[in-house]
Structures are given as structure tokens and as C-alpha cells.
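Undergrad: Could you work out the structure for the sequence below:
(2 chains)
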Amino acid sequence: MNEKVTLSARDLSAGYGSKVVLSDINFNLVEGQIISLIGPNGSGKSTLLKTLMGDLPPLKGSVSLIGRELGNLPRSEIAKVMAVMVTGNIRPEWMTCREMAASGRYPYTGLLGKLGKKDSEAVDEAMELTGTSDLASLYINEISDGQRQRVLLAKAICQEPRILILDEPTTFLDIRYKLEFLDILRVLAEKRRVTILMSLHELELVRLVSDRVICLKSGHVDADGGKEVLHDGYLRKLYNIGENEFSDYRII
Amino acid sequence: MRENKRIFTSFILLAVMLILLFALNVVNGSRTVTISDIPAVLMGSEGGTAYSIIWNIRLPRIMIAMILGGALAVSGFLLQTFFNNPIAGPFILGISSGSKLAVALVMIFSLGAGLHLGSFAMVLAAFAGAMAVTGFILAASQQVHRMSVLIICGVMVGYICSAITEIVVTFADDSNIVNLHNWSLGTFSGSTWSDVISAGSVVVLVVAAAFLLSKPIGAYQLGEAAAGSLGVNVLRLRIAVILLSSMLSAVVTAFAGPVSFVGVAVPHLIRNLMKTQRPIVMIPACFLGGAVFCLFSDLIARTLFAPTELSISTVTAVFGAPCVIWIMMTRNK
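TA: Numbering: from 1, shown residues only, chains lettered A, B, ... in the order given. Okay, the predicted model is just below:
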């Protein structure tokens, strides 16, 4: 394989203190791919993402970021390589969309955080790419959820990451916004060669956008492969839906 | 840039208000100083009553009101950022009252032992009291995540500390009890130039340190997780912010007693005036705004019922408490 590995997990166990949520996780993620993380509620998706982001120390095994062990990297170094889109509910009262996007330049600005010429250009570019340029001077709490998601994405892009992690980024968006959002991710993966790892609940979107699908079940990787894993039979098994249950519906 | 223009204009407005209130505070009082007295004062014709009133009483009092007002507003801003809650402030969270109790105890014991402790010891005692209450509030915030509960917790701790202070002050048998009583209600009166220098140097250092943390504080406003992913060492920042804000409110309490609501009202008014929450703007603007608010309040405290003086907290509460109501009404829409 001559594809560049950006993020990998080796024999990873993760959880909270003595509570092991995930174990024996192994994978290499490569640049330019969109990887979707799916699985039933409580299967450990969020725990895995938190561990990969460095918010949660691994219980066993290791996570490496561009060939370096995550635990040995200072936060400020990680921030230049990996961006995380957190869908928090914190909505600063008087912050413009441009300020929000520009906060992604944090790892690159000086002591007082003043934006240089290069920083401003990166912000403009990111807003352009996410279609949020028109929102620049609006306050973050006066725009719609869909617009806010795109501003948050612009912020992540401002970090110029090689890896972008998103936790259920499309929840709360209507179908048009979902598609627009995923389209931007596609561009990021293809043009900027970013590795994009996200957890998604909407299986039809997973099928539309993913290069690779990692399925978690009860704290283990249950399947890992291309879109072909997404067939009715397997998904019924993954989500514990019996063959005779809901037989009128197709899962996907 | 539309926003920057607004911020610039607001700074000018605050500066003009500060100068105006400064002048009004110099001129007004139990002995009115007229414009014609000013040259004599400036020339320093020693011995004149106007000279000594202005140089020894009014100017130090004005300076201390400005310094401590600024300190309170910055302290409030830091606490609001820390707790991600616009109603947080040193008085509401009971931090001022904790300082008050610690200072009252130290004062009474030292007076009882015939010691005269300097202002530095008072600041230290106030800081210890502030940290004790802050520690309690932090522990409570680990248990309960609802902000309203936290605030009520702080208010109650404040009441407890105030009640104990009252008891201690009532039973302290000392001629200084009158002073102690006045101080425990909050006042800028009786400030000297040496107070100005001690309080001023601490406040300037602490506010400068807070200003230098503008960048990580700004990231922290986006939430802990977001700040961490941008490269902020969140734990270290939280410790720094809580130490700085406690230090500021401790200095205020040590020199002027508890002063209510400035820490909540001023940052709120400034945010609405400037329509920003960038710490790099907010920290200096809050300092300036706090100075203006306290000069204004002290002017009223001194002159409204002259020669009787109101306690500073009485006046700041009248103007500050409605701000809290305003915040709550507009936030829970």
C-alpha cells in the first residue's frame, strides 16, 4: 500500500477508569478517505472518537497520529494535525460567524491571537469552501442550525488538519443541509487529502458518502470494509433486528 | 470593519464618562470645590483646605474606586467565562463574603492581640477566604451541573459568611468596631495613597496577566472540548482563571469590603454596548467600565444624602441587581 496512513489504532482498549467500553481495536486510516463509524447506541462510537481525539487516555494499546504516539504529543501539536468538530450546545452570545471560523486559527496565531495576513486568507478560504462567506458578520446565535454546522466546519478547516473527526455532524439537519454538508466533506477529502472520520446514524448517508465503513458492536469492531458491508442481512444482525421483525421494511 | 468601529467608539465613550465622573467626584462633596479653587490646588499652595481635601481625601478615594471597580468587573468577566454563566460574579457566588469573613476574623484577632497588620496581610486573608468559597463552589459544580443550583449555592454561602461576620463583628469588643462595621458593608471612604499604591499594583499585575490569557480564554468560551481540540491546556487555564479572579475580588474586599453586583452588571452592560465577547476587548473594556460604574456609584453614595454616606453596595445593588433580572429575562426566552 502506498497510501499514507494518518491515524491508526493498535490493540486499543478504551473506556472510563475501570469501565472498559472498547477492546481490541485495530485499524489504519489513510489520507483522502471518508470513513464512517456506525453501530447501535452504546456500542462505543463516542468513546472511540474521544479516545482518538485525545480527550480520553487509552486504557491499553495506542493511537498514533502521522506516525507519532498521540499520548506523547502536546495539545498544541495535535491541534495542527487533527481537527474535531464538536456539536456542542455552547452558543457564545456576541460572536460573529467569522470570529467563530477564525478561532480555528488558534494553533497558528501568536500570544494574543491576532490574525496575520495568512490567517485571514485561510479563514476566507474556509468560509468560501463551506459556503458561509455571506454569514461572516452575522452573530452565531442568529443563524440556523444548518448554517451553524457549516460555520463549525469552516472553523475545523481553518486548523488545516490532515485528520478531521466529526461526531454525528448531520443530526438536526434537514436532508438538503445534510447533502450539502457531506458534499463539502467530499471536497475536503478529495482536494485536500484530509482523512475524515465520522460517526453517523443515517445509513443511507453512510452509503452515499463513505469510502470505508467501520462497524462497532458491543465494544468490538464487527466489520470493517467498503460500502458492500451495508446490506440488509448484515445490518439486521448489527442492530439486533430479527429476520421476522419489521420484515416489511428494508433497513437500507 | 463595522464591529471594530463600534468597539472603538465605545472605548471613547467610556473614557469620556470616566473623565467626567472623575471631575464631578473631585468637585462635589461636603465642601464644594469651585473652579476658582483648582489653580490653587494644582499649584500646591500647602495648607489650603481645598488642597488637603482634594489631595488627601478625594483623589485617593477616586483612585481606589476606579481601581477596585475595574478589578471587580474583570473578576466577574473571568468567573462568567469560567462557569459559562452570565450571572456569575464574585458577590453572587459568595466569594466576596468569604473574603469578608476571613478579613473580619483576622482583623479582630490581630486587634485583640494588639497587632496592627498591614494591608498585605488583609489581602492575603481575603484571598484565603475567597479561595475557600471558590473551592466549595467548584466542588458543588462537580456534583450539580445546573447553573441555577450553583448560583443559589453561592448566594447561600454568601449569607452564611455574612451572618458569621455579623456575629463576630457584634461581639468584638474594640473601639475599632465602628470602622469594622462600616467596612463590612462596603465603602471606599478612608482610602489613603498607600492603599492606592498597594491595591493598584496588585490589580494592575493581575489584570495584565488576565489580558495575556485573552487568547486561550477566547477559545474556552467555545466550550471545554472545543478549547482542548484547539490546543488549549484546559486544566491549567481553569486554574489560572480561578486564581486570577479570586485574587481580584480578594483585593477589593480587603480594601473596600464587599461591593455587590459590579462583577455581574458591568460585563453584561459592556457586552451589550460593544456587541462582542472577545476577551482581548472585554478585559480592558470591563476594567474601564467597572471604574466608571464605581465612580458613578460612589458619587451617589457620598452626595445623595450628604453628610450621611450610603454604603457603596447599597448604590451598586440599586443599579446592578436589575441587570441580573434583565439577563435572566432575556436568556430564558
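Undergrad: Quick check, A:Thr51 in contact with A:Gly61.
TA: No: taking contacts as C-beta atoms under 8 Å, A:Thr51 lies outside contact range of A:Gly61: 9.7 Å. Where you see a C-beta, it was placed from the backbone N, CA and C, and this is true even at glycine.
Undergrad: hey, what's in contact with both of those two?
TA: A:Leu12 (C-beta atoms under 8 Å, 6 or more residues apart in numbering or on different chains).
Undergrad: Give me the more crowded residue out of the two.
TA: Of the pair A:Thr51 and A:Gly61, A:Thr51 is the one with more neighbours under other C-beta atoms under 10 Å in any protein chain shown, namely 25 against 17.
Undergrad: what's the closest non-adjacent residue to the more buried one?
TA: Counting by C-beta to C-beta, 6 or more residues apart in numbering or on different chains, A:Ala14 is the residue found nearest to A:Thr51 once chain neighbours are left out, at 4.1 Å.
Undergrad: from memory the one you found sits against A:Ser46, does it?
TA: No: judged on C-beta under 8 Å, A:Ala14 makes no contact with A:Ser46 at a distance of 10.3 Å.
Undergrad: With neighbour numbers in mind, choose between these two.
TA: Using other C-beta under 10 Å as the criterion, A:Ala14 and A:Ser46 rank with A:Ala14 on top: 25 against 16.
Undergrad: for the helix or strand where A:Met127 lies, packing partners?
TA: A:Met127 is located in helix A:117-129, with elements delineated by DSSP states H and E. In terms of contacts (3 or more C-beta pairs under 8 Å, 6 or more residues apart in numbering or on different chains; DSSP states H and E), helix A:117-129 is packed against helix A:97-102, helix A:145-158, helix A:175-191.
Undergrad: The residue nearest in space to the middle of chain B and B:Ser229, how far apart?
TA: Residue closest to the mean C-alpha point of chain B, counted by C-alpha atoms, centre = their mean, is B:Leu72 at 2.4 Å. To B:Ser229, B:Leu72 is 33 Å away according to C-beta to C-beta, to the nearest Å.
Undergrad: in what helix or strand does the residue in the stretch 101-250 of chain A that chain B sits nearest to lie?
TA: Nearest residue of the stretch 101-250 of chain A to chain B, counting by C-beta to the nearest C-beta: A:Gly113, 3.5 Å away. Using DSSP H and E, A:Gly113 falls within no helix or strand.
Undergrad: Contacts for stretch B:186-197, please.
TA: Contacts of stretch B:186-197 (C-beta under 8 Å, 6+ apart): B:56, B:60-61, B:63-65, B:67-68, B:119, B:179, B:182, B:255-260, B:294, B:298, B:301-302, B:309, B:311-313.
Undergrad: How are the helices of the stretch 151-252 of chain A distributed by residue range?
TA: A:175-191, A:203-209, A:232-238 (DSSP state H, counting those that start in this stretch).
Undergrad: in chain A, what secondary structure element scores lowest on mean pLDDT?
TA: Lowest mean confidence among the helices and strands of chain A (mean pLDDT, DSSP states H and E): helix A:232-238, at a mean of 87.
Undergrad: and it, which residues are buried?
TA: A:234-236, A:238 (16 or more other C-beta atoms under 10 Å in any protein chain shown).
Undergrad: any residues touching that helix, and which ones?
TA: A:38-40, A:203, A:215, A:217, A:222-223, A:241-243, A:250-252.
Undergrad: where's that helix relative to the chain centroid, distance-wise?
TA: 24 Å (C-alpha atoms, centre = their mean, to the nearest Å).
Undergrad: What parts of the stretch 151-252 of chain A come near chain B?
TA: Where the stretch 151-252 of chain A comes near chain B, counting by C-beta under 8 Å from any C-beta of the partner chain, the residues are A:Gln159.
Undergrad: Okay, buried residues for stretch B:149-160 please.
TA: Across stretch B:149-160, burial judged by 16+ other C-beta under 10 Å covers B:150-151, B:153-154, B:157-158.
Undergrad: Do I have it right that B:Leu24 meets B:Leu299?
TA: Yes: at 5.9 Å, B:Leu24 counts as touching B:Leu299 under the criterion of C-beta under 8 Å.
Undergrad: I'd like the next helix or strand past the helix or strand hosting B:Tyr51.
TA: Using DSSP H and E, the element containing B:Tyr51 is helix B:49-52. Using DSSP H and E, the helix or strand that directly follows helix B:49-52 along the chain is helix B:59-83.
Undergrad: Sketch out the low-pLDDT regions of chain B for me.
TA: B:1-2, B:35-48, B:145, B:173-179, B:332-333 (pLDDT under 70).
Undergrad: gap between the closest residue to A:Arg250 other than its chain neighbours and A:Ser133?
TA: Nearest residue to A:Arg250, sequence neighbours excluded (C-beta to C-beta, 6+ apart): A:Asp232, at 5.7 Å. As judged by C-beta to C-beta, A:Asp232 and A:Ser133 stand 42 Å apart.
Undergrad: try B:Phe8
TA: Going from B:Phe8 to A:Ser133 by C-beta to C-beta gives 25 Å.
Undergrad: Show me which residues of chain B sit near chain A.
TA: Taking C-beta under 8 Å from any C-beta as the contact definition, chain B meets chain A at B:2-3, B:84, B:86, B:212, B:214-215, B:218-219, B:221-223, B:225-226, B:228-233, B:271, B:274-278, B:280.
Undergrad: What residues does residue 154 make contact with?
TA: Assuming you mean chain A. A:100-101, A:104, A:123, A:126-127, A:129-130, A:132.
Undergrad: I was after chain B.
TA: B:92-95, B:133, B:137.
Undergrad: From those residues, which land in helices?
TA: B:95, B:133, B:137 (DSSP state H).
Undergrad: Next, count neighbours for B:Ser313.
TA: Neighbours of B:Ser313 (other C-beta under 10 Å): 23.
Undergrad: how much space between it and B:Cys294?
TA: From B:Ser313 to B:Cys294 the distance is 11 Å (C-beta to C-beta).
Undergrad: Over to B:Ala199?
TA: On the measure of C-beta to C-beta, B:Ala199 and B:Cys294 end up 13 Å apart.
Undergrad: Between these two, which contacts overlap?
TA: B:Leu68.
Undergrad: Among these two, which residue is more densely surrounded?
TA: Comparing B:Ala199 with B:Cys294 by other C-beta under 10 Å, the one with more neighbours is B:Cys294, at 32 against 23.
Undergrad: pretty sure B:Pro214 is in contact with A:Gly113, am I right?
TA: Heads up, residue B:214 is Ser, not Pro. Yes: with contacts counted by C-beta under 8 Å, B:Ser214 reaches A:Gly113, the gap being 6.6 Å.
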